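> Can you look at this prediction? I've put the sequence above it.
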Amino acid sequence: MSSQTTASAAVAVTGEGVGDVPGESSSETSGDTSGDTSGTKSGAAANFEITASVNNSLQTSRPDTLRTLHLSGRWTALDAGDLEARIEKLSDKPAPEREVAEVDATKLQALDTVGAWLLRRLLERVVASGSSPALQGSRPELARLFAALSAASDAAPAGAPAATATLAKSANATTAGSGSAVLAAPAVTAPSYLEKLGRALVGWTTSVSEQALAMLAFVGETAVALSRCVAHPSRLRWRPVAFNVRNAGVNALPIVGLLAFLLGVVVAYQSADQLRQYGANIFVADLIGVSMLREFAPLITAIIIAGRSGSAYAAQIGTMAVTEEIDAMRTLGLSPQEVLVLPKLLAMLIAMPLLTVFADVLGVLGGMVLARAQLGVSFPEFTDRMVKAIGMSTYLVGLAKAPVFGIIIVTVGCFQGFRTKGGADSVGRQTTRSVVQSIFLVIVADAIFSVIFSALDL
């Protein structure tokens, strides 16, 4: 079969199966055909033939139980698209009809690296059940090219996809000019659980390292933009700062106050029974004061702001990245850090301490209400005991955490927004990451603060 006579893409299959009526043949054609297809009956075995396109072809014949894959034409990058389509069409056939005993390359006219790669793709389709067809009739230079490609593919780094068919050819097994080799199909074993776990751990570590380096670069760019604004205060946009103070601070007062009040109620309620057993009802003021002012108020405020404002920052900047508004800013000579990040950062530095003070008041108020209802501790008694038990350092420790939490929330939210690529799905994914990472880093920072303040005896 000569590929030079084929004018366009063609795939034709003729033959008889075990259950076919003798003497009849079936065919299916894709595209224009200009070659003949025929089948020869040999017992109950089906005969079929596949012809490819101009300058390249592949043909499979199966007399009785022996199947030979015939290669012909020019297997080069010029016709890679049509040839790959025919290889994919061959994979739709049943597995028994794709198993071959040998590969005949006598009529193979030309082979380049693309053609050799496609030949490996073809072998992945036809080599099944561990069979090892022999490559016959290939010119020495073509066999060497295929051997080199097979060796390069099999020596790929860990994690790279490996072909299922490799050229196993000993240096002394093939004499010069014979062009014969063995196409071995090694058994593909499923990765073990430990291998899967190791690969997942390596992938996760790589992803975390890449994100950490990218965030470090983002923090550096933001610090450079902040230093420019400090050197030239006129570069700072105060109207966006005021706008973000209203959105992140004033508009968040109801939800922060409500949750802080309920948290004070819960803490007082959980401790009421234990204090009542020892007649230490009055010490509920100590418990509420220390827990709310030092830990709960700044932490619950940061978590609420991370879910409320941090996600909004990521979604806003992510949408701007998708619609290429950030690229337009850079084209106009505007720094995205100065326009988008610094106003949010300064606004959060103002809003977070104020929200924390508000949460302190509402949390203590919730504890006072519950203490009076469950323990009989009046408001004057509660406040008098709290003033004696709680020092200024306790209040300042909680207040000092608020700006740091605010910086973490803004940095993570804006960073994830800038990393948005693609479409709406990416916006949602980065928004989710910003919330999760913000809350995680806030809790980590709170733990670090606890260790530091404990070491300083504060």
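Nice, thanks for sending it over. Numbering: from 1, shown residues only.
> Now do the longest helix anywhere in the chain: distance to the chain's middle.
Using DSSP state H, we find that the single longest helix of the chain is helix 193-231. Once both centres are worked out by CA atoms, centre = their mean, to the nearest Å, helix 193-231 turns out to sit 14 Å from its chain's centre.
> start the count at 27, not 1, going forward
Sure, I'll start counting at 27 from here, so that last one is helix 219-257.
> elements contacting that helix?
helix 368-396, helix 418-444 (3 or more CB pairs under 8 Å, 6 or more residues apart in numbering; DSSP states H and E). Quick note: C-beta positions are derived from backbone N, CA and C, even for glycine.
> In PDB, please show the C-alpha coordinates belonging to the following helix or strand past the first one.
Remark: after helix 368-396, the chain's next helix or strand is helix 405-415, criterion DSSP states H and E. Taking only C-alpha atoms (Å, rounded to 0.1, in the frame of the first residue of the first chain), the coordinates of helix 405-415 have been written out as PDB:
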ATOM      1  CA  PHE A 405     -23.400  44.500  87.600                       C
ATOM      2  CA  PRO A 406     -21.700  46.700  90.300                       C
ATOM      3  CA  GLU A 407     -20.100  43.600  91.900                       C
ATOM      4  CA  PHE A 408     -19.000  42.300  88.500                       C
ATOM      5  CA  THR A 409     -17.300  45.600  87.400                       C
ATOM      6  CA  ASP A 410     -15.700  46.100  90.800                       C
ATOM      7  CA  ARG A 411     -14.100  42.700  90.800                       C
ATOM      8  CA  MET A 412     -13.100  43.000  87.200                       C
ATOM      9  CA  VAL A 413     -11.300  46.300  87.800                       C
ATOM     10  CA  LYS A 414      -9.300  44.700  90.600                       C
ATOM     11  CA  ALA A 415      -8.500  41.500  88.800                       C
END
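> So for helix 405-415, mean pLDDT?
Summarised as a single mean, pLDDT over helix 405-415 is 88.
> Distance from the chain centre to it, please.
Worked out by CA atoms, centre = their mean, helix 405-415 lies 53 Å from the chain centre.
> Need the contact partners of that helix.
Applying CB atoms under 8 Å, 6 or more residues apart in numbering, the external contacts of helix 405-415 come out as 308-312, 314-316, 390, 393-394, 397-398.
> switch to 7 Å and redo it
For helix 405-415, contacts defined as CB atoms under 7 Å, 6 or more residues apart in numbering pick out I308, A311, D312, G315, M394, A397, R398.
> how many other residues sit next to R272?
R272 is flanked by 13 other residues according to other CB atoms under 10 Å.
> Then W101?
The local packing of W101 (other CB under 10 Å) involves 31 other residues.
> So what does it look like in phi/psi?
Taking degrees, to the nearest 10, you get phi -90, psi 90 for the backbone angles of W101.
> Does the closest residue in space to it that isn't next to it in sequence fall in a helix, a strand, or a coil region?
Taking CB to CB, 6 or more residues apart in numbering, and ignoring the residues beside it in sequence, W101 has G141 as its nearest neighbour in space, at 2.9 Å. Going by DSSP: H, G, I helix; E, B strand; the rest coil, the secondary structure assigned to G141 is helix.
> pLDDT value on G141, please?
As summarised for this prediction, G141 has a pLDDT of 78.
> got JSON lines for the helices and strands packed on helix 219-257, with mean pLDDT and distance to S297 too?
JSON lines is the format used below for the helices and strands packed on helix 219-257 (pLDDT from 0 to 100; distance: least, CB to CB, whole Å):
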{"stretch": "helix 368-396", "mean pLDDT": "93", "distance to S297": "9"}
{"stretch": "helix 418-444", "mean pLDDT": "92", "distance to S297": "17"}
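> Identify whichever of the ones you listed lies nearest to S361.
S361 lies closest, by CB to CB, to one member of those: helix 368-396, at 8.9 Å.
> What are the boundaries of the strands in the stretch 177-326 of the chain?
192-194, 207-210 (DSSP state E, counting those that start in this stretch).
> The last one - what's its average pLDDT?
For strand 207-210, the per-residue pLDDT values average out at 42.
> remind me which residues of the stretch 127-276 of the chain are low pLDDT?
Counting by pLDDT under 70, the stretch 127-276 of the chain contains low-confidence ranges at 127, 151-164, 176-215.
> Contact partners for the residue nearest to D386 when sequence neighbours are not counted?
Nearest non-adjacent residue to D386, counting by CB to CB, 6+ apart: A323, 4.6 Å away. Applying CB under 7 Å, 6+ apart to A323 gives the contacts A286, T382, A385, D386, G389, G424.
> Out of the contacts of helix 405-415, grab the one that's most surrounded.
Counting neighbours by other CB under 10 Å, A397 leads the contacts of helix 405-415 with 29 neighbours.
> wait, doesn't that residue sit right on A294?
Yes. Using CB atoms under 7 Å, A397 is in contact with A294, at 5.4 Å.
> Quickly list what's touching both of those two.
By CB under 7 Å, 6+ apart, the residues touching both A397 and A294 are V310.
> ok so, going back, give me the buried positions along the longest helix of the chain.
Within helix 219-257, the residues scored as buried using 16 or more other CB atoms under 10 Å are M241, F244, T248, A251, L252, C255.
> just the residues you listed now: which is nearest P362?
Closest to P362 out of those is A251 (8.8 Å), distances taken as CB to CB.
> Now the helix or strand where A340 lies: average pLDDT?
Element membership for A340, per DSSP H and E: helix 337-348. Across helix 337-348, the average pLDDT comes to 92.
> for it, the distance to its chain's centre please.
The answer for helix 337-348 is 18 Å, by CA atoms, centre = their mean.
> Which strands or helices does it pack on?
In this structure, helix 337-348 makes packing contacts with helix 418-444, helix 450-481, judged by 3 or more CB pairs under 7 Å, 6 or more residues apart in numbering; DSSP states H and E.
> buried sites along stretch 358-374?
361-364, 366-374.
> now do the same end-to-end measure for that stretch.
End-to-end distance of stretch 358-374: 27 Å, with CA to CA, to the nearest Å as the criterion.
> Next: stretch 328-337.
Stretch 328-337 has its terminal residues 13 Å apart, counting by CA to CA.
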